[in-house]
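[1] Kindly return the folded structure for what I paste below:
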Amino acid sequence: MRRAAVYVFLAAFAVQTVASMRLLSASSDETTHLPSGYTYLKTGELRLNPQHPPLAKLLAAAPLLAFSPALDLADPSWTSSPPNEWVFGLRFLYANDADRLLFWGRLPIVALGLLLGIYTWLWARELFGDDAGVVAACLFAFCPTIVAHAHLVTMDVGLAAFAAASSYHLTIYARRGSRAQLTASATALGLALATKFSAVFLAPVLGALVAASALGWGGLRDRTAGEARHFRIGAALVATGAFVAIAGLIVWAAYFFPRDPLFYWHGISLVNRDHDASVPSYLMGEFRTDGWWYYFPLAFLFKTPVPTLVAIGLGALSWRRHRPAGNLDGAILFLPALAFFVATAAFAANLGVRYLLPVHAPLFVLAGASAPMLLRNWPGRAAAAALATWLVVGAWFIYPDHLAYFNEAFGGPQRGPYLLDDSNIDWGQDLKRLKAWMDRNGVDSIRLLYPWNGSPQYYGIRGEPVTPSDWLDRPRPGLYAISTMALARGRLTAQTEGAHSDWLDRYVPIDRVGYSFYIYGFEDAPR
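    Here you go, the predicted model:
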């Protein structure tokens with residue numbers, strides 16, 4: 001029954017992701033990631049989007065080979081040096097059947113999301129038992145942030161899946177000393193490094209834990225207690241060296257075996273190429289170019305369901321009583337996640353909670369430790385049922401707007417643009433639904449403020465752009481569709497220039513398309 005429950009949760013996750021993604025147009029980064037991956041496969045050249053490793057893009061683009069979309073390699077955006085990945089991506093995507101390409105390109109990311117769910121379940125079950133595995137799988141399946149990014153061609157879910165896999169296999173290696181588990185952990189780390197550069201924050205911690213395991217700490221202590229110290233040190237060096245070599249080989253293969261030994265470093269040096277440091281970050285109505293050290297902790301609190309936060313808290317309380325016997329189990333669970341969290345808070349641009357996805361699986365596993373506390377008596381079971389119901393109902397009501405989820409404690413998604421912006425709520429993904437809204441309401445033309453790089457024209461959205469005078473001074477009579485990102489950013493212009501661009505505070509919308517477009521109607525020019 002426990003295993004059947006996990007299968008139901010994984011199926012529910014798959015249904016949420018696939019059903020949602022069919023309704024969404026391309027999000028901002030997908031317009032370069034998917035086309036870039038397709039050029040890698042067709043040309044063998046990693047020219048586009050070098051600021052991210054290629055693996056997730058390669059996986060996403062692989063299904064596109066089955067129907068050979070048109071690829072214009074004579075386009076100046078490809079032949080120029082450097083190429084313009086954004087222009088090329090837009091032209092490639094919308095010169096073909098964009099919705100078909102996106103559907104098939106997103107399916108491998110859904111598969112990576114399922115892989116993350118499977119490892120979350122296995123890891124919690126290994127540490128705390130079957131009931132803990134069920135709890136962790138439930139929290140995973142109905143996590144809006146994971147669902148939101150598991151149907152977009154980006155790197156975050158893939159990184160989270162491979163990071164969880166590496167830690168899970170390392171846990172078993174530390175307990176039982178299996179070389180196959182060490183190989184699996186190293187392979188997963190290599191896949192993580194080939195997916196996103198931020199995996200470098202995990203690598204040294206995992207390498208140190210491999211060395212500690214081989215030295216005889218944790219579950220292997222009894223087995224190695226009688227061995228000579230120099231033998232254990234040698235074994236640790238061999239294990240760590242093999243771990244690093246296997247991970248490095250995986251990364252080298254993902255880059256098509258380049259001759260330049262510094263190929264990975266060159267990619268890391270380009271990480272911030274798309275980020276303009278002069279553009280301020282946004283948090284709770286404030287704007288700063290240097291960001292906030294507490295941005296990511298707050299974003300996690302805003303966008304994590306309350307039942308999940310409660311379960312994590314109960315898991316932390318249960319940890320000391322029910323923690324696993326292996327001395328390294330806790331270190332493997334906590335240290336990589338902590339290192340990643342601290343590094344992300346310190347160095348990552350304040351753009352989205354998605355950067356914290358590799359931290360979610362360890363927290364769900366920790367929440368699984370609450371299972372004995374919750375299930376030991378009827379009051380506990382009733383509380384667990386209530387929390388699970390709350391979680392599932394929340395997932396039901398946010399569909400298909402998982403990207404815009406904010407929990408009830410902070411006002412729900414309606415309050416989202418007052419708290420965060422960018423990929424936390426609006427990533428340009430609702431053009432199809434805007435067109436559907438226009439058709440339902442008999443709207444032929446609309447004034448549109450859309451700051452993303454999608455194609456409203458491709459979906460038949462007719463109208464004209466919002467003029468600076470409309471936006472900053474006084475809107476002309478008519479119907480307007482304003483991106484939520486623009487609404488949040490309009491507060492900055494109002495604060496710095498005294499303009500009337502604070503539409504979020506100034507005007508009341510007449511309708512909303514998901515949570516990424518607000519619809520305004522003016523019969524007369526408002527004051």
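
[2] which helices and strands sit right next to the host helix or strand of L366?
    Using DSSP states H and E, the element containing L366 is helix 357-368. Where contact means 3 or more CB pairs under 8 Å, 6 or more residues apart in numbering; DSSP states H and E, helix 357-368 is packed against helix 98-128, helix 130-141, helix 144-149, helix 156-176, helix 306-322, helix 329-347. C-beta here means a position set from N, CA and C on the backbone, and glycine is covered the same way.

[3] could I get those helices as JSON lines with mean pLDDT and distance to G521?
    Below are the helices and strands packed on helix 357-368 laid out as JSON lines (pLDDT from 0 to 100; distance: least, CB to CB, whole Å):
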{"stretch": "helix 98-128", "mean pLDDT": "97", "distance to G521": "29"}
{"stretch": "helix 130-141", "mean pLDDT": "96", "distance to G521": "39"}
{"stretch": "helix 144-149", "mean pLDDT": "97", "distance to G521": "29"}
{"stretch": "helix 156-176", "mean pLDDT": "96", "distance to G521": "37"}
{"stretch": "helix 306-322", "mean pLDDT": "90", "distance to G521": "35"}
{"stretch": "helix 329-347", "mean pLDDT": "95", "distance to G521": "41"}
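
[4] Which among those is found nearest to F88?
    Nearest to F88 among these is helix 98-128; the distance by CB to CB comes to 14.1 Å.

[5] by how many degrees do that closest one and helix 357-368 diverge?
    40 degrees (axes from the mean of the first three to the mean of the last three CA atoms, to 10 degrees).

[6] quick one on the thing from earlier: C-terminal to the helix holding L366, what's the next element?
    helix 371-375.

[7] quick one: least confident helix or strand in the protein?
    Sorting the helices and strands of the chain by mean pLDDT, DSSP states H and E puts helix 221-224 at the bottom, at a mean of 50.

[8] counting contacts, what elements does the next helix-or-strand element following that one pack onto?
    Counting by DSSP H and E, the next helix or strand C-terminal to helix 221-224 is helix 229-254. For helix 229-254, the packing partners by 3+ CB pairs under 8 Å, 6+ apart come out as helix 179-193, helix 203-214.

[9] repeat that for 10 Å
    Contacts defined by 3 or more CB pairs under 10 Å, 6 or more residues apart in numbering; DSSP states H and E place helix 229-254 against helix 55-61, helix 156-176, helix 179-193, helix 203-214, helix 221-224, helix 263-268.

[10] Kindly state which of those helices is positioned closest to A346.
    It's helix 203-214; of the helices and strands packed on helix 229-254, that one is closest to A346 (CB to CB) at 15.0 Å.

[11] got the buried residues for the closest one?
    The neighbour-count check on helix 203-214 (16 or more other CB atoms under 10 Å) flags A203, V205, L206, G207, L209, V210, A211, A212, S213, A214 as buried.

[12] for stretch 278-290, same thing?
    P280, S281, Y282, L283, F287.

[13] ditto for stretch 249-258
    Buried positions in stretch 249-258, judged by neighbour count with 16+ other CB under 10 Å: I250, V251, W252, A254, Y255.

[14] ok, so of these, who is nearest L191?
    Ranked by distance to L191 (CB to CB), the buried residues of stretch 249-258 are led by I250 at 5.9 Å.

[15] Distance check, the nearest residue to the closest one once chain neighbours are set aside against V244.
    Leaving aside its chain neighbours, I250 sits nearest to G190 (2.6 Å; criterion: CB to CB, 6 or more residues apart in numbering). Separation of G190 from V244 (CB to CB, to the nearest Å): 10 Å.

[16] which of the two has more neighbours?
    When G190 and V244 are compared for neighbours, G190 comes out ahead with 27 against 17, by other CB atoms under 10 Å.

[17] what about that one, distance to T32?
    Distance from G190 to T32, by CB to CB: 24 Å.

[18] quick one on the thing from earlier: what do G190 and V244 both touch?
    By the contact definition CB atoms under 10 Å, 6 or more residues apart in numbering, G190 and V244 are jointly contacted by A203.

[19] So, low pLDDT: which residues of this protein?
    By pLDDT under 70, the low-scoring segments of the chain are 217-230, 322-326, 525-527.

[20] ok, now with 80
    Across the chain, the ranges flagged by pLDDT under 80 are 216-232, 273-277, 320-327, 524-527.

[21] So what does the nearest residue to E30 once chain neighbours are set aside look like in phi/psi?
    Using CB to CB, 6+ apart and skipping residues adjacent in sequence, the residue nearest E30 is V153, 4.5 Å away. With angles defined as degrees, to the nearest 10, V153 sits at phi -80, psi 80.

[22] right, and A245 touches T187 too?
    No. A245 lies out of contact with T187 (CB atoms under 10 Å); the separation is 11.3 Å.

[23] Compare these two and say which is more crowded by neighbours.
    For A245 versus T187, neighbours defined as other CB under 10 Å are more numerous around T187 (19 against 12).

[24] and G490, which of the helices and strands packed on helix 357-368 is closest to it?
    With respect to G490, and counting by CB to CB, the nearest of these is helix 144-149 at 23.8 Å.

[25] and that closest one, how far from the chain's centre?
    7 Å (CA atoms, centre = their mean, to the nearest Å).

[26] May I have that helix exported as PDB, CA atoms only?
    The C-alpha trace of helix 144-149 is given here as PDB (Å, rounded to 0.1, in the frame of the first residue of the first chain):
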ATOM      1  CA  PRO A 144       4.200  24.000  -6.900                       C
ATOM      2  CA  THR A 145       7.800  25.200  -7.400                       C
ATOM      3  CA  ILE A 146       9.000  21.800  -8.700                       C
ATOM      4  CA  VAL A 147       5.900  21.200 -10.800                       C
ATOM      5  CA  ALA A 148       6.300  24.700 -12.300                       C
ATOM      6  CA  HIS A 149       9.900  24.100 -13.400                       C
END
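
[27] what's that helix packed up against?
    Against helix 144-149 (3+ CB pairs under 10 Å, 6+ apart) you get helix 2-21, helix 98-128, helix 130-141, helix 156-176, helix 295-303, helix 357-368, helix 378-398.

[28] what do you get if the cut-off is 8 Å, keeping everything else the same?
    For helix 144-149, the packing partners by 3+ CB pairs under 8 Å, 6+ apart come out as helix 2-21, helix 98-128, helix 156-176, helix 357-368, helix 378-398.

[29] Show me the one of those that comes nearest R273.
    So among the helices and strands packed on helix 144-149, helix 156-176 is nearest, using CB to CB, at 18.0 Å.

[30] Out of the helices and strands packed on helix 144-149, flag the one nearest P305.
    With CB to CB, the closest approach to P305 among the helices and strands packed on helix 144-149 belongs to helix 378-398: 5.5 Å.

[31] thought S516 was touching D426?
    Yes. Using CB atoms under 8 Å, S516 is in contact with D426, at 4.0 Å.

[32] what sits in contact with each of the two?
    L403, A404, S483, T484, M485 (CB atoms under 8 Å, 6 or more residues apart in numbering).

[33] list the contacts for the residue nearest to I250?
    By CB under 8 Å, 6+ apart, the contact list for G190 reads I246, A247, G248, L249, I250, V251, A254.

[34] Equivalent analysis for L237, please.
    Each residue near L237 by CB under 8 Å, 6+ apart is listed here: A211.

[35] quick revisit: reformat the buried residues of helix 203-214 into JSON lines and put distance to V8 next to each item.
    JSON lines is the format used below for the buried residues of helix 203-214 (distance: CB to CB, whole Å):
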{"residue": "A203", "distance to V8": "35"}
{"residue": "V205", "distance to V8": "34"}
{"residue": "L206", "distance to V8": "32"}
{"residue": "G207", "distance to V8": "37"}
{"residue": "L209", "distance to V8": "33"}
{"residue": "V210", "distance to V8": "35"}
{"residue": "A211", "distance to V8": "40"}
{"residue": "A212", "distance to V8": "38"}
{"residue": "S213", "distance to V8": "35"}
{"residue": "A214", "distance to V8": "39"}
